[in-house]
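> Pasting the sequence and the predicted model now:
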Amino acid sequence: MTSARLIVDADFAISDLDRRVFGTFVEHMGRCVYTGIFEPGHPTADENGFRQDVAELTKELGVTIVRYPGGNFLSGYNWEDGVGPKEERPRRLDLAWFSTETNAFGTNEFIDWARQVGVEPMFGVNLGTRGIDDARRFIEYCNHPGGTELSELRKSHGYEKPHDIKFWCLGNEMDGPWQIGAKTAAEYGRAAHETAKVMRWVDPSIELAACGSSNRDMATYARWEYEVLDHCFDHVDFISLHTYFMNPHDSTEEFLGNVELLDYFIKEVVAIADAVAATRRSQKRIMLSLDEWNVWYKARGHDDLRKPGWPEHPPLIEEVYNTEDALLIGGALITLLNNSDRVKCACLAQLVNIIGPIMTEQGGPAWRQTIFHPFALTAKHAKGRVLRTLATSGSFAGKTAEEMPYLVSAVTEDESTGEVVIFALNRNLVEPMDLKVELRGFGGTREVGEALQVYHPNMKAVNTKDAPNTVAPAPIKQVGIDKDTLTAKLMPGSWNVIVTKPKG
Ligand code: AHR
């Protein structure tokens, strides 16, 4: 048995939590849109063709905001292709994924879907093949009330009220050589500056995110962020981060060290953004949008990324998630909570089929992948403020990080209900953890509410269509609270959520 101690004080908070960190991503890629959220003729489809089994799972997942329409797809997309009468919409080659895009689904369908499932839409403008002119036209179509050609065009398409899209991404992964219309930092920084300026002239209420590096391993990482922000600092609110966790050492211990890598990544980008602020003697703080993140290392072969013959919605990067992936997603969510003062938005990429927490079969069922569970539980319980914690536990040394504590934890407090919630990953894969949490300064007596673990003795166990609940939350067997001290026994290699609430 390993032991760990956590001290929490009601007076010490990191930040209010921006619940947009529970976002996901829907790209026109593979089977995310088509046969994912949208499948006319499916037994559960409504009159719009929206799969209700997927809609229900999206609600259960607790998603708050969804990024659309890409991704790499965005950089070759003409938004006009996806609005208006469906029979007039063009079929086009999608050069991002070497597929045929039918445009049967577009902006207005996405807005209808987002409203149905109760999520905020987050849109991107194409800065690959297009630029400032397209961006100003698109936001006028979406957000301008009326009386102009493009706002009246939206109305003629059946949308009298503006879509009122608040969060906009200025392109996607513009540093990546794979990107349609990739740019240097100087080219992109200038384009982002001018595009952001003009979009805000059309709608001053929007928030704008500039593209950071495609990942922390890009050769231009850090210099890219600095130069881009140096150009567009005054006109943007966010810088984006993208990360897909890898498993280069094929070891669960090392794999779970991605928690540290994510933390380094966030803190480095904060430092760069604040360095740009310092050069201007500015008190403005650029926030972080981790608008693509997930585990993605198994489905990365050529066949996963591209199918011959320009097919419509081919199955691409349909990563099947296992127990250790769920633990890492849970650990990464804890990292996001602990960086809630600067990470104000995050999108698990993607929502369904494409590296998704939800899987579907065309014409068949939908089911929850392993990673669904820590996400849904965190989205359900992490509310209000994120508290500072002092954690002590054993640790291990690895190739990924020099010191990896066994306990990875975060605590939130919802002042409206009095609930204080503990999120804890036990990275000791051999021994259970004897966890003691001192809850200081919350007053009154408390009791334990929901206390669940995501645990499976087999780190490679997966959920499938025929066995969809192999890895699923189960009650923590030993958990209790005495006065201000909570004790729990956490299984080796488990992710846990423990709700405490005022008694009576
Ligand atoms: O999510 C899949 C792809 O990964 C996205 O299109 C791109 O932005 C990233 O490289």
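Structure's in. What do you need? Numbers count the residues shown, from 1 in each chain.
> Relative to the whole chain's centre, how far out is stretch 254-266?
16 Å (C-alpha atoms, centre = their mean, to the nearest Å).
> For that stretch, buried residues please.
In terms of neighbour count (16 or more other C-beta atoms under 10 Å), stretch 254-266 has its buried residues at Glu254, Phe255, Leu256, Gly257, Asn258, Val259, Glu260, Leu261, Leu262, Asp263, Phe265, Ile266. Every C-beta, even on glycine, is put in place using the N, C-alpha and C of the backbone.
> would you put the C-alpha positions of it in CSV?
Presented in CSV, the C-alpha positions along stretch 254-266 are these (Å, rounded to 0.1, in the frame of the first residue of the first chain):
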residue,chain,number,x,y,z
GLU,A,254,5.8,6.4,-19.2
PHE,A,255,2.6,6.9,-21.1
LEU,A,256,1.0,8.5,-18.0
GLY,A,257,3.9,10.9,-17.9
ASN,A,258,2.1,12.8,-20.7
VAL,A,259,0.3,14.5,-17.8
GLU,A,260,3.6,16.3,-17.0
LEU,A,261,4.3,17.0,-20.7
LEU,A,262,0.9,18.7,-21.0
ASP,A,263,1.6,20.8,-17.9
TYR,A,264,5.0,21.9,-19.3
PHE,A,265,3.4,22.7,-22.6
ILE,A,266,0.7,24.9,-21.0
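> show me the contacts for Pro502.
Taking C-beta atoms under 8 Å, 6 or more residues apart in numbering, we find Pro502 in contact with Gly418, Gly444, Thr445, Arg446, Glu447.
> which one of the residues you listed sits closest to the ligand?
The closest of the contacts of Pro502 to the ligand turns out to be Gly418 (C-beta to the nearest ligand atom; 38.9 Å).
> can you give me the helices for the stretch 351-500 of the chain?
Using DSSP state H, counting those that start in this stretch, the helices assigned to the stretch 351-500 of the chain run over residues 372-381.
> Can you show me the strands along it?
Listed in chain order, the strands of the stretch 351-500 of the chain (DSSP state E, counting those that start in this stretch) span residues 358-360, 366-368, 385-393, 395-396, 404-405, 407-414, 419-426, 433-440, 446-454, 474-475, 479-482, 485-490, 494-502.
> Relative to Asp203, which of those strands is closest?
strand 385-393 (30.6 Å; C-beta to C-beta).
> Let me know the pLDDT of the residue of the chain found nearest the ligand.
Across the chain, no residue is closer to the ligand than Gly71, which sits at 2.9 Å (C-beta to the nearest ligand atom). Looking at Gly71, its pLDDT reads 98.
> ok, for Val125, nearest residue in space, not its chain neighbours?
The shortest distance from Val125 to any non-neighbouring residue, by C-beta to C-beta, 6 or more residues apart in numbering, is to Ala135 (4.0 Å).
> residues touching the one you found, list them.
Taking C-beta under 8 Å, 6+ apart, we find Ala135 in contact with Val125, Asn126, Leu127, Leu170, Thr195, Val198, Met199.
> Val228 reaches Ala185, doesn't it?
Yes. The pair formed by Val228 and Ala185 meets the contact definition of C-beta atoms under 8 Å, at 5.3 Å.
> the more surrounded of these two?
Neighbours were counted for Val228 and for Ala185 using other C-beta atoms under 10 Å; Val228 has more, 32 against 21.
> any idea how far Thr195 is from that one?
With the distance defined as C-beta to C-beta, to the nearest Å, Val228 ends up 12 Å from Thr195.
> same thing with Thr243?
Using C-beta to C-beta, Thr243 is found at 25 Å from Thr195.
> check contacts around Trp310.
Residues in contact with Trp310, defined by C-beta under 8 Å, 6+ apart, are Leu93, Phe98, Ser99, Thr100.
> Give the helix, strand or coil label for Gly41.
In terms of secondary structure, Gly41 is coil; the call rests on DSSP: H, G, I helix; E, B strand; the rest coil.
> so where is the stretch 351-500 of the chain shaky, pLDDT-wise?
Counting by pLDDT under 70, the stretch 351-500 of the chain contains no low-confidence range.
> Repeat the analysis, applying 90 as the threshold.
Applying pLDDT under 90 to the stretch 351-500 of the chain flags the ranges 443-444.
> ditto for the stretch 201-350 of the chain
Applying pLDDT under 90 to the stretch 201-350 of the chain picks out residues 250.
> could you give the angle of the lengthiest helix in the chain to strand 407-414?
Longest helix in the chain by number of residues (criterion: DSSP state H): helix 258-279. Relative orientation of helix 258-279 with respect to strand 407-414: 60 degrees, computed using axes from the mean of the first three to the mean of the last three C-alpha atoms, to 10 degrees.
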